[in-house]
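A.B. asks: Structure, please.
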Amino acid sequence: MSSDLDDNQDLCIEFVTESREMLAQVEPLLVELESTCASSGELDVSQIDTIFRAFHSMKGSGGFLNLDNLVSVTHTAESLLDQFRKGQATLRPEHITELCQAMDFVNELLEHIETRFDDAGYESEAAAISARLAALMGASEQAPPATTAAPAGPAAPAAPASEPDAADASDGDPTLITPEMLEAFVAEASDRIEAAERALLSLEADPSDVEHRDIAFRELHSLKGNCGFFGYRDMETLTHAAENALDELRESRLQPDAKVTGALLHAIDVLRTAVAELPDGGGAIPEHERGLVFDRSEPASGALPTP
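C.D. replies: From the prediction side, this is the model:
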C-alpha cells in the first residue's frame, strides 16, 4: 500500500514538472495572441494548436491521477480552443483573458498538487472558471465571424442602475451564475486587488520597478475580464481605466510619479470597497469614481479621479 502511495506521489511530481514546462511554453503564445487579436485579428493556427495540445495533455494526465478540478478546467479550455482550431469561432480579447486566468488557476493547482498530491479544495474556483469558459464557448458559437478584432476597450456603460443580483450578473445565461460562483468571484477579486495593491506600492517606492508595474497591469486586466463576465459594469469601467493608465506607463506616455500611483491606489481602494459590498447586493461605484483623468500638460503627468 505504501509503495502504491509513493508511486502516485512520484507520478504527481512528474506531472507537475511536465505541466509547468508546457505552461511556460504556452504563456508567451497567449501574450502574442492577445496582441495579435487586438491589432490585426489574424489567427496563427499553429499557436492555437500548441496551446490546445498543452491543455489536452494536462487533461489526460490529470484524469489518470484523479485531479478532477484540473481536468474540469483544462477540458473546458481545450473545448474552447478546439472551436478556434476548426474555424467555428473568432478569437476575441475576452477569450484570451479567460484562457490566461485558466492557466493561472492551473499553476495554482500545481503548487497544491506538488505538496498535497491532489487538487481537493478548489471545487468552487474550478466551477467558476469552467462556467466562464463554457459561457464564452456558447457565445462564440452564435457570434458572426469578424475580419478584424478591435482593441479591448471598456464595455459601453449601461444606463445607471443598481448592481445586478448574483442570479442576473451575467449578460449571458443567468442560470450560470450561482452563489458559489459569486463567492468565488469575490474571493478571487479580493486576491487580485491585494496583489495589485502590493505591486503598486512597490512601484510607488521605486518608479523604475517595471516588474511590479506589469504585475499590477496583469492583475487588473484579469479582474476587468471577470467584472465584465459577471456584469459589474462600474467595476469593469474603473479597472479598465486603471489598466489603461498602467499601459500608458509601460509605453512611457505617463510617468510613475506620486500623483499617478496615488490615483491608481485610490482606484484600488474604491474597487476593494465595491467588491466587499457584493455579497449584500451592493457593488455600485459613484460615477465620479469610475475613471481616471490624466493631465499631460507636463512631462511627469499626474492622475486624479474624475470630478
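
A.B. asks: Helices of the stretch 201-307 of the chain, start to end?
C.D. replies: Along the stretch 201-307 of the chain, counting by DSSP state H, counting those that start in this stretch, helices occupy 210-230, 233-250, 258-277.

A.B. asks: Could you list the low-pLDDT ranges of the stretch 1-150 of the chain?
C.D. replies: 1-7, 38, 40-41, 138-150 (pLDDT under 70).

A.B. asks: which residues of it fall in helices?
C.D. replies: Listed in chain order, the helices found in the stretch 1-150 of the chain under DSSP H, counting those that start in this stretch are 2-38, 45-64, 68-85, 93-116, 123-142.

A.B. asks: Tabulate the helices of the stretch 201-307 of the chain (CSV), appending mean pLDDT.
C.D. replies: Output for those, formatted as CSV (pLDDT from 0 to 100):
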stretch, mean pLDDT
helix 210-230, 85
helix 233-250, 91
helix 258-277, 93
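
A.B. asks: Now tabulate the ones you listed in a markdown table and tack on mean neighbour count.
C.D. replies: All C-beta atoms are positioned from the backbone trio N, CA, C, and that covers glycine. Listed next are these as a markdown table, based on neighbours: other CB atoms under 10 Å:
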| stretch | mean neighbour count |
| --- | --- |
| helix 210-230 | 22 |
| helix 233-250 | 23 |
| helix 258-277 | 19 |
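
A.B. asks: With distance to residue 127 as added columns, please give those helices in a markdown table.
C.D. replies: Formatted as a markdown table, the helices of the stretch 201-307 of the chain follow (distance: least, CB to CB, whole Å):
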| stretch | distance to residue 127 |
| --- | --- |
| helix 210-230 | 14 |
| helix 233-250 | 21 |
| helix 258-277 | 19 |
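
A.B. asks: and the most centrally placed residue in the chain, how far is that from residue 228?
C.D. replies: Central residue of the chain (CA atoms, centre = their mean): residue 222, 2.7 Å from the mean position. Distance, residue 222 to residue 228, by CB to CB, to the nearest Å: 11 Å.

A.B. asks: between these two, what contacts are shared?
C.D. replies: Overlap of the contact sets of residue 222 and residue 228 (by CB atoms under 8 Å, 6 or more residues apart in numbering) is empty.
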